[in-house]
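Chemist: Structure of the sequence below:
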Amino acid sequence: MFKSYYLSKFLYVAVIFFCVDTYRPDISRPPEQKNAAEKTKRERLQEIYATELGVRELSGKNDGPKVEQYLHYVGLKKGNPWCAAFVCWALGNAGLSNPRSGWSPDLFPDANVTWRRSRALHADNKPPRPGDVFGIWFPQKGRIAHVGFVDHWGENWMISVEGNTNEAGSAEGDGVYRKRRLIASIYKVSDFIKEKKI
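Modeler: Numbering: from 1, shown residues only. This is a model prediction of the structure:
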């Protein structure tokens, strides 16, 4: 009886240790590394461009350390418009191939365009997703002349994160802002992530 009492206690403690060891969280990697490994490309891209919110030009002339970093990424010098450079820089920092261009129309090659103002182009007719790139057509220039990231796509409005804009939504602004734009004002949307749509 003495032996069976201690044997049952031993087995009870062994089962507890086994359960704790089996079901404890993985502590082999710090939480921030584990989370980074589990993020999708789209989530990483969102994190990168959202971190840039609040960047402002130094003197209002397409300059400043961060603005010049975006421009340098696409091979342009300070003083150039930088909305497309910002988009390419963020895509590149997320490890996504991109045209590395400061020319807005370059962000809309046919292979990447998933939505046009007139109709959705993807077969399942799903709306653009966070991290997709939107373009606005300027009739006076005869081309897409401002770009940014789709952060949320609604029924009539979208929320964006875009560079070289301002509170009024100008294409010649002074910083990186989160904007609310009418979907009717969007001309095209491109997907550089190309993950399978769920």
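
Chemist: for the chain, what are the low-confidence residue spans?
Modeler: 1-38, 119-125, 195-198 (pLDDT under 70).

Chemist: Helices of that one, start to end?
Modeler: 2-23, 31-38, 41-51, 65-73, 83-93 (DSSP state H).

Chemist: Who are the packing partners of the third one?
Modeler: Secondary structure elements in contact with helix 41-51, counted by 3 or more Cβ pairs under 8 Å, 6 or more residues apart in numbering; DSSP states H and E, are helix 83-93, strand 143-153. C-beta coordinates here come from the backbone N, C-alpha and C atoms, glycine included.

Chemist: Save those as CSV, and put in distance to residue 42 and mean neighbour count too.
Modeler: Below are the helices and strands packed on helix 41-51 laid out as CSV (distance: least, Cβ to Cβ, whole Å; neighbours: other Cβ atoms under 10 Å):
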stretch, distance to residue 42, mean neighbour count
helix 83-93, 11, 25
strand 143-153, 11, 22
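
Chemist: closest to residue 161 out of these?
Modeler: strand 143-153 (4.8 Å; Cβ to Cβ).

Chemist: Which neighbouring elements make contact with the closest one?
Modeler: So strand 143-153, by 3+ Cβ pairs under 8 Å, 6+ apart, packs with helix 41-51, helix 83-93, strand 133-138, strand 157-165.
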